[in-house]
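Enquirer: Would you be able to build a 3D model of this:
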Amino acid sequence: MTTGEVAMIEAQLKEDRAKLEILQNMLKKSSSLTENMKERLTQFDDRLVRLKGQIMPVYDEMQVKIRAQSNGELAIKELDKVARYYCLREELDRTISNDVSSSVPEYIKNMKELSRAIKFFLDNNPNSNEVKKLKELFHTGLGNMCKEFEDVLKKKSRNVGIKDMTSEGDELPVIPLLIPEAKQSLSLISKWVAENHVFVKNNYLPGVDFVKIICTNYVTVQKKYLREKLEMLANAEQLAIFANATPIMGRKVRNAEITRKGSKLSRENVRRQSKRGHKRTPSDHTSIQTIKEDINVEQTAKSFAKVGTYFAQLIKSEYYQIQDLITPSLCEKVFVDIVEPAMTHFEGEGMQLVKAAKEQILNNNWVAVFPLIMLYQNLNKIKCSLISEDQLDFEAAPLAPISNLISVITTCVKETLDQFKCFVEDDAVKTSNVASDGTVHQLTSNVMSICGQLLAYEETVGTLLKGVQHQGTRKLPQSNIHRQMATYINGILKALEKNLESKSKVYDNKCLSALFLMNNYNYIRNNLKESEILTLLQDNHHDGVDLDARYIDWIHKQMEVYRLWYQPMVDVMADSNTGTVFRESDKLKDSQKDAIKTKFKVFNTTLEEQLRIQQKWAIPDPQFREWVREGNIEAIIFRYEDMCKRYEKVNFSSNNKKYIIYSTEDVEKTLTMFFDQKF
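Expert: Alright, predicted model coming up:
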């Protein structure tokens with residue numbers, strides 16, 4: 001090891017010894033400080049023990065004094081309360097005896113204080129005179145609260161009118177029947193009476209049930225309110241429901257009025273319908289009748305349906321109001337007592353409407369069924385809206401009358417549809433009412449109009465034909481509804497076709513019989529094309545044929561029969577010696593002259609006779625009328641023109657114009673006068 005290395009080691013060792021010495025000094029100082037702190041803490045602990053010994057007796061003495069003071073104050077407070085109980089009757093007598101209307105919360109506060117006073121005396125001095133006086137005052141207060149409950153119901157109810165009766169879709173909105181402040185006051189009264197009911201009844205007023213009084217007052221007032229509102233709404237709709245001694249229909253329907261000819265389409269009505277088309281809407285019931293009573297039933301049914309909607313809104317609103325004002329255990333009974341009489345009366349009025357419609361239906365006024373269908377829709381809408389509420393059991397009383405009314409209407413409508421089909425089938429024997437001019441029969445126009453209107457109610461009618469009533473929101477599949485409607489209308493059309501065939505046999509003139517069938521087939525075809533009936537029947541593949549093509553084929557077949565009228569004219573215009581051409585210079589034999597004269601005589605006589613006859617016949621459809629006329633002209637005019645050219649210069653008579661009376665233009669003009677009764 002070199003000298004330099006040794007020197008470095010010694011220097012490092014010296015430095016480390018210096019640091020060690022510093023650390024030892026610091027450790028000595030720390031030990032000294034620790035001993036000093038320990039000594040001082042020991043002294044402090046001794047001082048705390050001595051201080052506790054001095055303070056704790058003072059603290060304990062202070063706590064005793066505080067408890068004594070608190071007990072004294074509590075005793076004074078209770079003594080003041082007891083003293084006030086003795087003076088409470090005089091203090092609250094005027095307040096409790098007065099009306100509650102000034103401040104219901106303040107009145108209830110005073111009643112609570114009075115109740116505590118009675119409870120105190122019952123627990124401590126039940127036989128004291130104060131108990132009797134306080135009970136009397138409390139009884140007065142309860143009576144005033146019940147009276148206030150009734151007065152607020154009477155005076156603070158909202159004047160609900162038609163403008164409040166609004167609904168969107170199938171939902172029936174809840175209508176506030178009371179102003180908000182009044183409802184709050186009634187809720188406070190009802191709640192307090194219910195909360196104190198058991199205590200009051202068990203302790204000092206066992207013979208008086210104030211909850212029952214509240215409920216009775218509520219039922220009395222709201223039952224009258226419901227009746228008045230229905231009368232007001234019915235009057236606004238000009239409906240005699242709930243009016244004293246006035247039937248819903250206003251008067252009974254007289255059979256003499258029902259059976260008058262206005263119940264069926266006139267010829268002019270058929271012509272007007274041919275011009276304007278045959279589409280129907282649910283409200284287009286007046287197209288096939290003008291009976292005053294039909295309009296009465298229809299308008300009454302519409303008004304009744306509106307009142308029914310109003311009624312349902314009032315019922316629903318009443319139900320929710322009861323939940324806020326009446327003890328939960330009594331809500332159902334109170335609701336029944338309020339609604340049941342009005343609902344039963346509503347059902348009875350609906351039964352009168354159904355009865356009036358039945359009377360008209362029995363007289364073959366079939367359109368009277370449409371107001372019932374409309375009413376059925378409305379009642380089911382009401383029913384679905386009410387049963388959508390979890391709280392309302394619609395099938396239970398008092399809402400069952402609406403279900404009963406729906407059931408009666410369902411039966412009536414289904415029976416009417418069956419009877420109408422039978423009527424169309426059985427009417428074949430009634431041939432005395434066929435028109436002498438061969439126009440569209442009244443039965444045809446009535447049947448097609450009714451079928452069109454039934455289609456406007458397709459969903460409802462299809463459901464009724466299926467024999468299923470609406471249950472809540474469940475509905476039949478659309479395919480089933482279409483199938484039911486198609487089957488029913490197809491059956492009606494078949495019965496009508498058979499009926500028309502029978503009626504056509506009434507005519508002695510085969511041509512007029514054929515014209516009658518053509519008019520009716522064309523009318524049916526137009527109705528099928530212009531309405532959705534044709535689409536409905538073809539989509540459901542009834543008979544597997546093209547209905548439009550079938551009616552066209554029938555029309556053409558009857559056209560062939562109709563054309564028999566001009567067959568004598570065609571026969572005489574056809575020259576048996578077609579190849580023979582007479583020249584002006586030819587001298588004809590007498591037999592040849594007579595043959596030519598006969599041709600023109602037969603033609604002229606037939607044309608004049610047919611003009612006289614067919615001018616009285618009718619084709620109400622302008623397009624169809626022109627088509628038939630053009631067929632006549634096409635079949636005759638060219639043959640006649642050819643005959644005139646062949647013989648007009650031939651000397652078959654000394655005066656050919658005596659036989660060739662008509663020019664081609666005259667014949668064409670004459671043929672256009674067919675089916676035109678104005679000439």
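
Enquirer: can we go C-alpha only for contacts and neighbour counts from here?
Expert: OK.

Enquirer: show me the residues around the closest residue to residue 505 other than its chain neighbours that make contact.
Expert: Leaving aside its sequence neighbours, residue 505 sits nearest to residue 513 (C-alpha to C-alpha, 6 or more residues apart in numbering; 6.7 Å). Shown in contact with residue 513 (C-alpha atoms under 8 Å, 6 or more residues apart in numbering): 438, 504-507.

Enquirer: which one of these is nearest residue 420?
Expert: residue 504 (21.2 Å; C-alpha to C-alpha).

Enquirer: Which residue, other than its chain neighbours, is closest to residue 334?
Expert: residue 219 (6.3 Å).

Enquirer: ugh, wrong one, I meant residue 335
Expert: Nearest one to residue 335, counting by C-alpha to C-alpha, 6+ apart, is residue 319 at 6.5 Å.

Enquirer: before we move on, back to that, pull the most distant pair out of the contacts of residue 513.
Expert: Spatial extent of the contacts of residue 513 (C-alpha to C-alpha) is set by the pair 438 and 505 at 11.6 Å.

Enquirer: per-residue confidence averaged over the helix or strand hosting residue 345?
Expert: Residue 345 is part of helix 331-362, with elements assigned from DSSP states H and E. Across helix 331-362, pLDDT averages out at 87.

Enquirer: Check which helices and strands it is in contact with.
Expert: Judged by 3 or more C-alpha pairs under 8 Å, 6 or more residues apart in numbering; DSSP states H and E, the packing partners of helix 331-362 are helix 210-236, helix 292-325, helix 369-387, helix 400-426.

Enquirer: list the buried ones in it?
Expert: For helix 331-362, burial by neighbour count (16 or more other C-alpha atoms under 10 Å) applies to 331, 334-340, 342-344, 346-351, 353-354, 356-361.

Enquirer: Next: stretch 657-664.
Expert: For stretch 657-664, by 16+ other C-alpha under 10 Å, it's 659-660, 662, 664.

Enquirer: So which of the residues you listed sit within helices?
Expert: Members of those lying in helices (criterion: DSSP state H): residue 664.

Enquirer: Format the buried residues of stretch 657-664 as JSON lines; extra columns: pLDDT and distance to residue 482.
Expert: Below are those laid out as JSON lines (pLDDT from 0 to 100; distance: C-alpha to C-alpha, whole Å):
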{"residue": "659", "pLDDT": "84", "distance to residue 482": "64"}
{"residue": "660", "pLDDT": "85", "distance to residue 482": "62"}
{"residue": "662", "pLDDT": "85", "distance to residue 482": "58"}
{"residue": "664", "pLDDT": "88", "distance to residue 482": "54"}
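
Enquirer: Run the angle between the helix holding residue 345 and helix 369-387 for me.
Expert: 170 degrees (axes from the mean of the first three to the mean of the last three C-alpha atoms, to 10 degrees).

Enquirer: Tell me the gap between helix 331-362 and the middle of its chain.
Expert: With C-alpha atoms, centre = their mean, to the nearest Å as the basis, helix 331-362 stands 17 Å off its chain's centre.

Enquirer: need the helices for the stretch 401-550 of the chain, in chain order.
Expert: 442-456, 458-466, 478-504, 510-530, 533-539, 547-562 (DSSP state H, counting those that start in this stretch).

Enquirer: Those helices: which one's closest to residue 233?
Expert: Taking those one by one with C-alpha to C-alpha, helix 458-466 is closest: 27.3 Å.

Enquirer: From the contact counts, what lies against the closest one?
Expert: helix 369-387, helix 400-426, helix 478-504.

Enquirer: pLDDT on it, on average?
Expert: 81.

Enquirer: Check stretch 122-129 too.
Expert: Summarised as a single mean, pLDDT over stretch 122-129 is 80.

Enquirer: where does that stretch sit relative to the chain's centre, distance-wise?
Expert: With C-alpha atoms, centre = their mean, you get 64 Å for stretch 122-129.

Enquirer: least trustworthy helix or strand in this protein by mean pLDDT?
Expert: Ranked by mean pLDDT, DSSP states H and E, the helix or strand of the chain with the weakest confidence is helix 255-258, at a mean of 31.

Enquirer: Using a markdown table, lay out the helices and strands packed on helix 331-362 together with mean pLDDT.
Expert: Below are the helices and strands packed on helix 331-362 laid out as a markdown table (pLDDT from 0 to 100):
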| stretch | mean pLDDT |
| --- | --- |
| helix 210-236 | 85 |
| helix 292-325 | 79 |
| helix 369-387 | 84 |
| helix 400-426 | 88 |
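
Enquirer: dump the residue contacts of the spatially most central residue of the chain.
Expert: Compute the mean C-alpha point of the chain, and by C-alpha atoms, centre = their mean the closest residue is residue 378, 3.3 Å away. Contacts for residue 378 (C-alpha under 8 Å, 6+ apart) come out as 305, 309.

Enquirer: Report the separation between it and residue 31.
Expert: Distance, residue 378 to residue 31, using C-alpha to C-alpha, to the nearest Å: 103 Å.

Enquirer: try residue 597
Expert: Distance from residue 597 to residue 31, by C-alpha to C-alpha: 169 Å.

Enquirer: again, but for residue 5
Expert: Where residue 31 is concerned, residue 5 sits at a distance of 40 Å (C-alpha to C-alpha).

Enquirer: residues near the residue lying closest to residue 588 once chain neighbours are set aside, how many?
Expert: Using C-alpha to C-alpha, 6+ apart and skipping residues adjacent in sequence, the residue nearest residue 588 is residue 652, 6.8 Å away. Residue 652 sits with 24 neighbouring residues when counted by other C-alpha atoms under 10 Å.

Enquirer: Distance check, residue 652 against residue 664.
Expert: Distance of residue 652 to residue 664, computed by C-alpha to C-alpha: 20 Å.

Enquirer: now the helices of the stretch 401-550 of the chain as JSON lines including distance to residue 369?
Expert: Converted to JSON lines, those look like this (distance: least, C-alpha to C-alpha, whole Å):
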{"stretch": "helix 442-456", "distance to residue 369": "10"}
{"stretch": "helix 458-466", "distance to residue 369": "11"}
{"stretch": "helix 478-504", "distance to residue 369": "16"}
{"stretch": "helix 510-530", "distance to residue 369": "21"}
{"stretch": "helix 533-539", "distance to residue 369": "19"}
{"stretch": "helix 547-562", "distance to residue 369": "28"}
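
Enquirer: For residue 172, find the nearest of these.
Expert: So among those, helix 458-466 is nearest, using C-alpha to C-alpha, at 20.9 Å.
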